[in-house]
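Undergrad: here is my input; please provide its structure:
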Amino acid sequence: MALRIVQGCDAAYGIKKRADYTAIVTGGIDDYAAGKPIYLLDVWRDRIQLQDLPLHIEAQFFKWAPEGCLYVTIENTLWNAALIQTLRRRGNVPLMEIDRRKKYNPDKKTRFEGLAFR
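TA: Next up, the predicted model:
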């Protein structure tokens, strides 16, 4: 089974106990199976400081790059602008920015399915 593998990053900043987690999800779509099922391959989450976030995103991408991970998606928001700029400057991870203001994105499953065909 050959999967189209992509990652999504939901970034959060802060290490306090009440801070949100940063989550990086790795998923794969089987383009050849009926219904194109989606498989959850990996989930990483932690509370981390902003300056450490690019290293964690790169580490998760490198973990899955040998398996064919295509890119990491990050929502293009004001909060994520510096993160996206830093990752692009470093040049180690192919990025896809998601701008939810320009598209109707009804749910996470539909959004993930759309990522695999870009």
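Undergrad: which other helices and strands contact the longest helix belonging to the chain?
TA: Criterion DSSP state H: the longest helix present in the chain is helix 53-64. Using 3 or more Cβ pairs under 8 Å, 6 or more residues apart in numbering; DSSP states H and E as the contact definition, the elements that helix 53-64 packs against are strand 4-10, strand 22-29, strand 38-46, strand 69-75, helix 81-90. Heads up, the C-betas are built off the backbone N, CA and C, glycines and all.
Undergrad: now the fourth one against helix 81-90, angle please.
TA: Between the direction of strand 69-75 and that of helix 81-90, the angle (axes from the mean of the first three to the mean of the last three Cα atoms, to 10 degrees) works out to 150 degrees.
Undergrad: find the nearest non-adjacent residue to His56, please.
TA: What sits nearest to His56 in space, not counting adjacent residues and going by Cβ to Cβ, 6 or more residues apart in numbering, is Ile48, at 6.1 Å.
Undergrad: enumerate every residue touching that neighbour.
TA: Taking Cβ atoms under 8 Å, 6 or more residues apart in numbering, we find Ile48 in contact with 13, 15, 22, 56.
Undergrad: understood, closing this out.
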